[in-house]
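[1] here's a sequence, model it:
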Amino acid sequence: MTDQIEISRYTYHCFSSRDRDDVVLFLYDKRSSVVGQVFAVPDGEPLPPAERRDGRAVLYFHRAAVPQIVDLLRNEGPVYLLWNDGRDTELGTGYEPIGEREAT
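    As a prediction, the model looks like this:
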């Protein structure tokens, strides 16, 4: 089953007291419900498969990808979470015109 959910908000958390899962992004829909979480995995370690947990999509990216993910969330829109039964699960934009500047 494929789901496409528009991400309306996010929160970005960096924890000083954790050895793992010390960078976590929460993804929210337009009702401010958490629809996804992004966990940073140390570079070079294998990525766990995406999973559903308590109705949320849980995605894993290498730590090196976190700046690009935050840039996507900050500067692009609309941004969607696409869930394809855990295969090819992604964060992405809608169609973007060339040279478009995001509205402020």
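
[2] which helices and strands sit right next to the helix or strand harbouring Leu81?
    Following DSSP states H and E, one finds Leu81 within strand 79-84. Using 3 or more C-beta pairs under 8 Å, 6 or more residues apart in numbering; DSSP states H and E, the elements in contact with strand 79-84 are strand 2-7, strand 90-93. Any C-beta I mention is one placed from the backbone N, CA and C, and that applies to glycine too.

[3] in the shortest one, what counts as buried?
    Along strand 90-93, the positions that meet the burial threshold by neighbour count (16 or more other C-beta atoms under 10 Å) are Leu91.

[4] now do it, average pLDDT.
    Averaged across strand 90-93, pLDDT comes to 91.

[5] adjust the sequence numbering to begin at 374 for everything that follows.
    All set: I'll call the first residue 374, so the last point we hit is now strand 463-466.

[6] just list what that strand packs against, helices and strands only.
    Using 3+ C-beta pairs under 8 Å, 6+ apart: strand 463-466 touches helix 439-448, strand 452-457.

[7] list the contacts of the first one.
    The one in question is helix 439-448. 380, 383, 385, 396, 398, 411, 413, 434, 452, 464, 466, 475 (C-beta atoms under 8 Å, 6 or more residues apart in numbering).

[8] hmm, the third one is touching Leu398, no?
    If I follow you right, that is Tyr385. Yes. Counting by C-beta atoms under 8 Å, Tyr385 does reach Leu398; the two are 5.3 Å apart.

[9] neighbour-wise, which of those two wins?
    Neighbours per residue (other C-beta atoms under 10 Å) separate Tyr385 from Leu398, with Leu398 holding more: 21 against 14.

[10] for that one, which non-adjacent residue is closest in space?
    Closest residue to Leu398 in three dimensions, ignoring its sequence neighbours and counting by C-beta to C-beta, 6 or more residues apart in numbering: Val411, at 4.1 Å.
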